[in-house]
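> Kindly return the folded structure for what I paste below:
(chains A and B)
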Amino acid sequence: MKLLAIAINTIRHVVRMKLALVFVLFLVVVLASVPFTLKSDGTQKGKVQITLAYSLGLLNIVLSVLTLFLSTSTFCSDIRNKVMFTIDTKPVKRWEILAGKWLGVMIVNTALLLCLGGAIYGAVMYLGRPLEGRDGEHPELMRDVLTARVEIVPAVSRKTGRTASVVPFRHEKEWVFENIGCSDSEKVITLKFRYYTSGSSDEKISGLWTARSEDRGFYEHVTSLPAKSFHEFRIPASVVSPDGRLKISFLNVSAPGVSVIFPGEDVTILYRAGNFGGNFFRALLLVLLRLAFIAAVALGASTFLTFPVAALFSIFVLIMSLSVSSFSVLIQGSPLPESGSSRETVVPAAALARKVAAAALKVLPDLRAYDPVPYLAGGVLIRWRRVIEGLIWVVLLRSGVTGCLAYVIFNRRELAIMQ
Amino acid sequence: MRRRTIIVMFFLSAVIFLLAYLCLGHLNEERERFNLTASVPLENAPPELILTTTALGGFRGIVVDYLWVRAMELQRRGKYFELVQIYDWIGKMEPRIEAVWSHNAWNMAYNISVELEIPEERWLWIKRGIELLRDEGLKYNPESSLLHRELAWIYLHKIAQSSDTFHWYYKMSFAREMEDVLGEDGSLANSGGEAAERLRNELKLDPERMLKLTDIYGPLDWRLAQSHAIYWLQKGLEARGKQIGINHERLILHAVISLCETGRIVRTDTGFILAEPDFRFIDTADRIYNELREKYEGNIGLASAHENFLQSAVVLLYTYGRSKESLKTYKRLRKLNPSRYRIGLEDYIFLRMRADMEGASALEMSAFIQGILRQALFSLAIGDDEKSAGLDSLARLIWSRYMEKYGGTERMSLPPFEVIRNSVVKRVLEGEFPEPLRDRLKERLGIKK
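Here you go, the predicted model:
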């Protein structure tokens, strides 16, 4: 009850601040202009994809910034304006004050996310309606974007990482796919692939594809397609074994001397496993997880920093959390100087710095991994497992630990000194 | 702070601003004198461009770098839907760097388009490349010869020539889109005020300049990509004046030669557009060659290219049954190099053909003649009688000259001309031609259905 009272008080504060109103107005104007101002490739599919990607991306960013400012300002202004003195003298524990503030900010976030997310969903469905004179484009849009497909990489590739393989003329390459949750005889699965060639890039590569499983027979498909770009063809799901296994092989029949190169993970299987509406809802949940973490960090920073410093600190944490994957690549990517070289003295310091950076990155959540935009724009299913993972790792663990630290600091803080 | 201090500070800052203003003119002059200005500021630029180029300040470079990386990553992953927007932003952040516009337009028209399997999708990307250069790049760099040349190259090479698998689709789509603006004949003279508006606003073409080009180069058909290539090249030429290089002018010549070869649109019953030679441009190409040879005196490449062009024109005109024009062109050729062209026209035509067929066996010669006859029958079926007659007489000429030389040797001898012709007729009527064409051919040859 106390929590709810503080949450309601926070919501009132947010409404009084007008900052949220300015942000919402800005968002509404920008989101409404997105379909008209952005340039796509001219297809209906491209238009829907770019609207979806940029609208949701923008919503994500603006709400993150809004959450950051709301959380820091509501806490800091309460201390600055001595409102906190009044609350602190009431029979309310300090953790309840923190949790109540967090809850209030999250209620505002959820409301905004539902309203604006709903508007984006409506706009996308409107743009994705069948258009007169462009009938051919709609099925492709429904198949590739306004859907929720599962993308499966080969089992070997999943275990060993990216490794390219070369298939010489009249040679065969096989991939094994596991856990395909689609063996219904009436459904189809899609094989998506890309290859490169040792011959001329203009030349078409001919190949015989075979999809088979031990107890469900086989399906053959001949392709003659150019290299470098992604291609797709459909396979009846009836060839997938009941335990979800499927072997796909490619026989190179192009021309003597022409080898085909498959980069790692560029052969995948896609199949429909849900609808766009459900996927969009899960995408909004992923956005909410990010906002929960930012609110926790911003409130935590406000317990011991002034408003501008707390806001800057939170922005720094947000940027770092969005760049975890990029920094990880940088840390792992560049080799350290060899011992014995002229820069030998640098090595211990560099190695130490690298370890510290790696440890720091482990503390932060990789928010980009929970970015729903690439999933939605590519029509890829966001699994519930992903949402629950995010809930555990981002909200319960990172936000929880941040909240505990914030409580310890706030609990020890002397809000005022008796004169 | 006391009020007096505030007033003093205010006046002090006003004096400093005034001094800075007075120094600005002199500083700008000095910057220009010592070449310290890397790029000329944009004039009449839209607000969003001012915002991106100035308000971002030093962060512009970081944003541009991020956009480049993102564009490359998206292209690598085959996710193209965002690229048009990203290229637009990159261009607007670096509006005066010509290479940015030309690279991005080329990437869309050439690299991305060929990664798609469907001609409609490829065509959209070629158009996006054209639009980026025409609507954006040239807006901020109106005097850039590079951008004019790049735009013309996409028209000339990607659409007008046959390097791409779907080049027929591009030609047809382009012609249809221009017909939508100008009407079915693609002529500027028959189009009204609405068409002029659309030309200006949608295609960024100035109708007056288009009419002027018709005076300079001849009756340009605006449904053809070559005409548009000439338009943009000429615009670049006018913008840069004498600073233009030979490559720019050579490209104009290249476009005119392309019009000679495939500058006439022929429709078939199925609506397919076939580009046929337009002999009206032979004189134009010859004139440009002469002008360039005069301007770049001593350029051996130009002289030999001129001779090669006239040689091809002589054969092409003869093939199309235009013996008089062929002879006229042959005389021009003779004027260029009197010692080399002493023989008569028909002997020259045969020599050219024989040079092409040097070392051919009787079977190969027979196949060559049959190929020409097949083309003659195709032209007859689509109603191009003039070309059909020209090809027929060419096949007959090759046969007779060949038989004059090798007819005495049984191993080298060919069957009678009519036998070869009848076998070709039989074959095309039995299924080599599509059904509507077969019916038309039977009708033209007087064969009962």
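> Convert the C-alpha atoms of stretch B:185-201 to CSV, please.
Provided in CSV are the C-alpha atoms of stretch B:185-201 (Å, rounded to 0.1, in the frame of the first residue of the first chain):
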residue,chain,number,x,y,z
ASP,B,185,5.5,8.6,-79.2
GLY,B,186,7.8,9.9,-76.5
SER,B,187,8.1,13.2,-78.4
LEU,B,188,8.3,16.5,-76.6
ALA,B,189,6.5,18.4,-79.4
ASN,B,190,3.2,16.6,-78.8
SER,B,191,3.2,16.9,-75.0
GLY,B,192,1.4,19.6,-73.2
GLY,B,193,1.9,21.9,-70.1
GLU,B,194,1.2,19.1,-67.7
ALA,B,195,4.0,17.0,-69.2
ALA,B,196,6.4,19.9,-68.9
GLU,B,197,5.5,20.3,-65.2
ARG,B,198,6.1,16.6,-64.6
LEU,B,199,9.4,16.7,-66.5
ARG,B,200,10.6,19.6,-64.3
ASN,B,201,9.3,18.3,-61.0
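> In chain B, which residue sits closest to chain A?
residue B:115 (3.2 Å; Cβ to the nearest Cβ). C-betas here are computed from N, CA, C, even on glycine.
> For that residue, report the pLDDT, please.
Here, the pLDDT recorded for residue B:115 equals 81.
> How about the helix or strand containing residue A:110 and chain B, touching?
Using DSSP states H and E, residue A:110 maps to helix A:94-127. No - counting by Cβ under 8 Å from any Cβ of the partner chain, chain B is not contacted by helix A:94-127; separation bottoms out at 12.8 Å.
> What helices and strands are in contact with that helix?
helix A:2-17, helix A:19-37, helix A:44-80, helix A:83-88, helix A:276-302, helix A:400-412 (3 or more Cβ pairs under 8 Å, 6 or more residues apart in numbering or on different chains; DSSP states H and E).
> Counting neighbours, what do you get for residue B:180?
Residue B:180: 11 surrounding residues under other Cβ atoms under 10 Å in any protein chain shown.
> and it, that's in a helix?
Yes - counting by DSSP: H, G, I helix; E, B strand; the rest coil, residue B:180 is part of a helix.
> Spit out the contact partners of the residue nearest the centre of chain A.
By Cα atoms, centre = their mean, chain A has its centre lying nearest to residue A:371, at 2.0 Å. Neighbouring residues of residue A:371 by Cβ atoms under 8 Å, 6 or more residues apart in numbering or on different chains: A:60, A:286.
> 7 Å instead, please
Residue A:371 sits next to no residue when contact means Cβ atoms under 7 Å, 6 or more residues apart in numbering or on different chains.
> and the chain, what are its domains?
I went with chain A, as the question did not name one. A:2-130+A:276-327+A:366-412, A:149-273 (automatic domain parsing).
> meant chain B, my bad for not saying
Taken from automatic domain parsing, chain B resolves into B:95-297, B:360-445.
> Select, out of those domains, the one closest to residue A:63.
domain B:95-297 (32.1 Å; Cβ to Cβ).
> Distance across the closest one, terminal residue to terminal residue?
38 Å (Cα to Cα, to the nearest Å).
> re earlier: how close does the residue nearest to the centre of chain A get to residue A:290?
To residue A:290, residue A:371 is 8 Å away according to Cβ to Cβ, to the nearest Å.
> try residue A:223
Residue A:223 is 41 Å from residue A:290, where distance means Cβ to Cβ.
> Check residue A:211 too.
Note on residue A:211: its distance to residue A:290, by Cβ to Cβ, is 39 Å.
> One more: residue A:214?
44 Å.
> Ok, residue A:404 next?
Separation of residue A:404 from residue A:290 (Cβ to Cβ) stands at 20 Å.
> if we can go back for a sec, compare residue A:223 and residue A:290 (neighbour count), which wins?
More crowded of residue A:223 and residue A:290, by other Cβ under 10 Å: residue A:290, with 26 against 16.
> List the contacts of that one.
Contacts for residue A:290 (Cβ under 7 Å, 6+ apart) come out as A:64, A:367, A:370.
> Enumerate every residue touching the closest residue to residue A:76 other than its chain neighbours.
For residue A:76, ignoring the flanking residues on the chain, the nearest one in space by Cβ to Cβ, 6 or more residues apart in numbering or on different chains is residue A:307 at 3.8 Å. Taking Cβ under 7 Å, 6+ apart, we find residue A:307 in contact with A:72, A:73, A:76.
> Cheers, nothing more for now.
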